[in-house]
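Undergrad: Turn this into a model:
(one chain, ligands or ions: 2)
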Amino acid sequence: MHKYVYLFSEGNGNMRELLGGKGANLAEMTNLGMPVPQGFTISTEACTKYYEDGEKISGEIEKEIYEYIGKLEKITGKKFGDMENPLLVSVRSGARASMPGMMDTILNLGLNDEVVESFAKKTGNPRFAYDSYRRFIQMYSDVVMEVGKKYFEELIDKMKEEKGVKLDTELDANDLKKLAFQFKDEYKAKLGEEFPSSAKDQLLGAIKAVFRSWNNPRAIYYRRMNDIPGSWGTAVNVQSMVFGNTGDTSGTGVAFTRNPATGEKKLYGEFLMNAQGEDVVAGIRTPQRIDQLKDVMPDVYEQFSAIANRLEEHYHDMQDMEFTIEDGKLYMLQTRNGKRTAAAALKIAVDLVDEGMLSVDEALLKVEPKQLDALLHPQFDAAALKAATPVASGLPASPGAACGAVYFTAEDAIRASKKQKVVLVRLETSPEDIEGMNAAQGILTVRGGMTSHAAVVARGMGTCCVAGCGDIKMDEENHCFNVAGQTVKEGDFISIDGSTGNVYIGEIKTVDASLTGDFGRFMAWADEKRTLKIRTNADTPRDAAQAVKFGAEGIGLCRTEHMFFEADRIRAMREMIVSETEEQRRAALEKLLPMQRGDFEGIFKAMGERPVTIRFLDPPLHEFLPQDKDDIEALAKDMGISVEKLNQTISDLHEFNPMLGHRGCRLAITYPEIAEMQTRAVIEAAINVRKSEGLNIVPEIMIPLVGHINELHFVRSIVVETADRIIKESGTDMKYLVGTMIEVPRAAVTADEIAKEAEFFSFGTNDLTQMGFGFSRDDVGKILNAYYDKKIFESDPFARLDRDGIGRLVKTAVDLGRKTRPDIKLGICGEHGGDPSSIEFCNEVGLNYVSCSPFRVPIARLAAAQAAIKAKTQK
Ligand code: PEP
Ligand code: MG
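TA: Ligands and ions are numbered 1, 2, ... in the order given. Have a look, this model is predicted:
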């Protein structure tokens, strides 16, 4: 019989895949002899089976769960559903990768009307017993039956009002008992059935809810953002309860072994006396700092900090721990590698190497490449910041600077973010807000501490966040808030500083990020380990220079059509497009030539002797044709033709499907003079810079959208003929390369042919994905949500390379290309070149380089190092 359930004492820290992170760590802490309330873990395989069986827990697994309840009863000496000595448990999800706040927890399971009575007697603390009971009903209703928190909170507020008190803690046993019964009535009213009184029914309901929550929309969204496969499933942990709410000698808290915002080596966290776990994270009461525990309970503090040190040394990483104190006794409820800001991640990785806890390879694997983004994003301009006066201050929950228009709901923020920058302002956030948080430049909450949902999630996203800003008086109904005697309405601009917690009315100028001291050292390690080269996609000297600062080793794609978007240039470009005769076209090209040559010179200078790939024109025509009446009139005048004539030409050029239209090499085939001009611009610029700067430049000319060898042959011969002539005339012996993009599926599968004429391939995976799937890259967004909902896709294939299909085309072309030309240079320049998972694939198939936008260069450097390290360990 297959085993689906494991006591904590049967597992260990290496069993993450089966037991999930939480389960594996609970097992490991148990093995280390730490004070862990005992329990068992239902494996991720049980979750997968639940889905295979049509969302049912099989009889076999149900039986095993009951068997383990029996074992837990023996261990604890308590009995499930018993009146005398009831076993109460918590039920919590725990996936392989931590997904904070994504799934739900149920505490105090096992109580019913009778058990709670005897529990009250046994503990001699009826207030505590009924508080536990009402919490259980509330969580169970919300999580298992999805009744919704709000109804219960309204009942609590009503009760407090009736009693004339402010805090939950001011309600007495009788009030809480009444509330528990009101909650049960609410449950019945909403669901038409009694609240389950059997502990076993409660348990099965809760386990199913955890399995179900694996596929709730926020979990799916979180997985998509973090590349977590849906096939992993979640484990469920059933743990005997300990109570932080029995009175003043009890409490609960969360703490990190190092500061998760800065990386400083010092215990960091919060606790609340007389409270249950959710109270700290939910930010309902303001917690105390962990070092204040020293004054409240010195022995417990000592014990906890010793455990914290031991855990960090054991896991060789910063730990994020949850604990409960029950009547003066400490219990560890969980530990995991803590989420941290990018700056903290670098500091911790570098410090742990210096402390001898990690090897360089291990340290490199600890930092999530996408996190580096946060170091590369704007901060407030120092002078502008000095001149501004904060109107309020909250907790500096996630660093960075943000300014934007205020919106009060996730939906409004998402909608508004399509047009402008937004700051999401909430009383407190919950997992339902996650898409809105992601769409916002910054997040501001009125309630909550440094470990509140908003803080934890924003840090993970690298989004600026100020939390717990109690100075703000929210008026959600009227879509505004009041602060420092002023009213800020929806759509008004504010600025928030996630590094100081300050809030400002209006916009404050931002400046580029500066990288911390640890960045250079860490990235140098990454550069040593990686074998992939990192190039950048850059179309201007400025972008090229920025990319070099971030560590780019060359340009993998210079999109020459992008050099003509500026107002004074687009006219010449349009003139060329609408020309009807070769003569007209040559006249327009004459105007374009000096602009291109000048840009190429700038780019060559910025790049020094680093390789530069220049792609010939690939303009989807609709992006360049004039549409505006004034533009059309001006162009007609420039060209000396009538407006009617020009309108006629524009309408003749109309294409139903411009993405598959007259672009790429097709343009150079119909109008060879375009390729001629571009070759001239590239080669002359290279010769000029060779002469002026003494640089040995070897330009790489790239022909786009080739599907057939004859297309490449035709365009290449124009390039070679023109280039050789110019080089000869100049009296130099400059070398240059001619290659092609592999972005049409036909080119990929005939790459052996294509390689005869191409000295390099660059995979244009944007078009390869477009044509491989037959998805229009401009329109696919409209259907992706339906694909996610129906579980057809887990991620956007335009962001993360589809390894099985498009990747196979890439692999085929790599193999075929190398067969013909063993030394062929291979790279990728589609958007995937900056995506860590796709970079891993590029490393696997043996590309020479990846190329991505300048701001993603550091991410690519780290991702390439990680890919190399993983490949080495897999061997
Ligand atoms: C591509 O298709 O992947 C590519 C890089 O070219 P573009 O995005 O310009 O079509
Ligand atoms: Mg393309």
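
Undergrad: residue contacts, the closest residue to residue 664 other than its chain neighbours?
TA: Ranked by C-beta to C-beta, 6 or more residues apart in numbering and with sequence neighbours excluded, the top spatial neighbour of residue 664 is residue 705, at 2.5 Å. Using the backbone N, CA and C atoms, a C-beta is placed for each residue, glycine as well. Taking C-beta atoms under 8 Å, 6 or more residues apart in numbering as the contact definition, residue 705 lies against 618, 663, 664, 665, 666, 741, 743, 744, 767.

Undergrad: Same list (those residues) but as a markdown table, adding neighbour count.
TA: Shown next, in a markdown table, are the contacts of residue 705 (neighbours: other C-beta atoms under 10 Å):
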| residue | neighbour count |
| --- | --- |
| 618 | 23 |
| 663 | 21 |
| 664 | 27 |
| 665 | 25 |
| 666 | 18 |
| 741 | 31 |
| 743 | 28 |
| 744 | 26 |
| 767 | 23 |
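
Undergrad: Would you check that residue 230 makes contact with residue 221?
TA: No: the pair residue 230 / residue 221 is not scored as a contact, 11.7 Å apart, by C-beta atoms under 8 Å.

Undergrad: what is the rounded mean pLDDT of stretch 169-184?
TA: pLDDT averaged over stretch 169-184 equals 91, rounded to a whole number.

Undergrad: right, I mislabeled it, should have said stretch 485-492
TA: For stretch 485-492, the mean confidence score works out to 95.

Undergrad: And stretch 68-88, by the same measure?
TA: What stretch 68-88 shows for mean pLDDT is 94.

Undergrad: the strands in the stretch 601-750 of the chain, which residues?
TA: Counting by DSSP state E, counting those that start in this stretch, the stretch 601-750 of the chain has strands at residues 612-615, 700-703, 737-742.

Undergrad: and what of the stretch 151-300 of the chain?
TA: For the stretch 151-300 of the chain, the strands identified by DSSP E, counting those that start in this stretch occupy 234-240, 251-256, 268-273, 288-289, in order along the chain.

Undergrad: Make TSV out of the ones you listed and add mean pLDDT, distance to residue 749 and mean neighbour count.
TA: Compiled in TSV, the strands of the stretch 151-300 of the chain are given as follows (pLDDT from 0 to 100; distance: least, C-beta to C-beta, whole Å; neighbours: other C-beta atoms under 10 Å):
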stretch	mean pLDDT	distance to residue 749	mean neighbour count
strand 234-240	96	40	27
strand 251-256	94	52	26
strand 268-273	93	56	24
strand 288-289	92	63	17
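
Undergrad: Where does the stretch 601-750 of the chain get nearest to ligand 1, residue-wise?
TA: Here the stretch 601-750 of the chain gets closest to ligand 1 at one residue, residue 743, 4.5 Å apart by C-beta to the nearest ligand atom.

Undergrad: Correct me if wrong: that residue contacts residue 777.
TA: No: applying C-beta under 8 Å as the test, residue 743 and residue 777 come out as separate, 11.2 Å apart.

Undergrad: who touches both of the two?
TA: Counting by C-beta under 8 Å, 6+ apart, the residues touching both residue 743 and residue 777 are 766, 767.

Undergrad: what bits of this protein have low per-residue confidence?
TA: Within the chain, the set of residues satisfying pLDDT under 70 comprises 100-103, 278-284, 431-432, 449-451, 459-462, 512, 514, 565-568, 622-623.

Undergrad: which other residues reach the host helix or strand of residue 788?
TA: With secondary structure defined by DSSP states H and E, residue 788 is part of helix 781-789. Judged by C-beta under 8 Å, 6+ apart, the contacts made with helix 781-789 from elsewhere in the structure are 220, 224, 775, 792, 793, 794, 796.

Undergrad: and what of stretch 141-155?
TA: 104-106, 138, 179, 182-183, 186-187, 190-191, 195, 205-206, 208-209, 213.

Undergrad: which residue packs closest to the closest residue to ligand 2 within the stretch 1-150 of the chain, ignoring adjacent ones?
TA: With C-beta to the ion, the shortest gap between the stretch 1-150 of the chain and ligand 2 falls at residue 97, namely 33.3 Å. With sequence-adjacent residues excluded and distances taken as C-beta to C-beta, 6+ apart, residue 97 is closest to residue 228, at 5.2 Å.

Undergrad: ditto for residue 8
TA: residue 30 (4.3 Å).

Undergrad: ok, now residue 190?
TA: The shortest distance from residue 190 to any residue that is not its chain neighbour, by C-beta to C-beta, 6+ apart, is 4.9 Å, and that residue is residue 147.

Undergrad: Do a quick rundown of the helices in the stretch 751-875 of the chain.
TA: Taking DSSP state H, counting those that start in this stretch, the helices of the stretch 751-875 of the chain run over residues 751-754, 765-773, 781-789, 806-820, 836-844, 857-874.

Undergrad: Using CSV, write out every CA atom in the shortest one.
TA: This means helix 751-754. The C-alpha atoms that make up helix 751-754 are tabulated as CSV, following Å, rounded to 0.1, in the frame of the first residue of the first chain:
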residue,chain,number,x,y,z
ALA,A,751,18.8,25.3,-40.2
ASP,A,752,21.4,23.0,-41.7
GLU,A,753,20.7,24.7,-45.1
ILE,A,754,20.5,28.1,-43.6
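
Undergrad: tell me what that helix is packed against?
TA: helix 709-730, strand 737-742, helix 806-820 (3 or more C-beta pairs under 8 Å, 6 or more residues apart in numbering; DSSP states H and E).

Undergrad: ok, now with 10 Å
TA: Helices and strands touching helix 751-754, as assessed by 3 or more C-beta pairs under 10 Å, 6 or more residues apart in numbering; DSSP states H and E, comprise helix 709-730, strand 737-742, helix 745-749, helix 806-820.

Undergrad: Distance to ligand 2 for these - can I get that in JSON lines?
TA: Rendered in JSON lines, the data for those read as follows (distance: least, C-beta to the ion, whole Å):
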{"stretch": "helix 709-730", "distance to ligand 2": "14"}
{"stretch": "strand 737-742", "distance to ligand 2": "6"}
{"stretch": "helix 745-749", "distance to ligand 2": "11"}
{"stretch": "helix 806-820", "distance to ligand 2": "13"}
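
Undergrad: most tightly surrounded among the ones you listed?
TA: Ranked by average neighbour count under the criterion mean count of other C-beta atoms under 10 Å, the helices and strands packed on helix 751-754 are headed by strand 737-742 at a mean of 26.

Undergrad: Okay, angle between that strand and helix 709-730 too, please.
TA: Orientation check (axes from the mean of the first three to the mean of the last three C-alpha atoms, to 10 degrees): strand 737-742 against helix 709-730 gives 150 degrees.

Undergrad: can I have strand 737-742 written out in PDB, keeping just the CAs?
TA: Written as PDB, here are the backbone C-alpha positions of strand 737-742 (Å, rounded to 0.1, in the frame of the first residue of the first chain):
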ATOM      1  CA  LEU A 737      30.000  38.700 -40.100                       C
ATOM      2  CA  VAL A 738      26.700  38.000 -41.700                       C
ATOM      3  CA  GLY A 739      24.100  35.900 -39.900                       C
ATOM      4  CA  THR A 740      20.400  35.500 -39.500                       C
ATOM      5  CA  MET A 741      17.600  35.400 -37.000                       C
ATOM      6  CA  ILE A 742      15.900  32.100 -36.600                       C
END
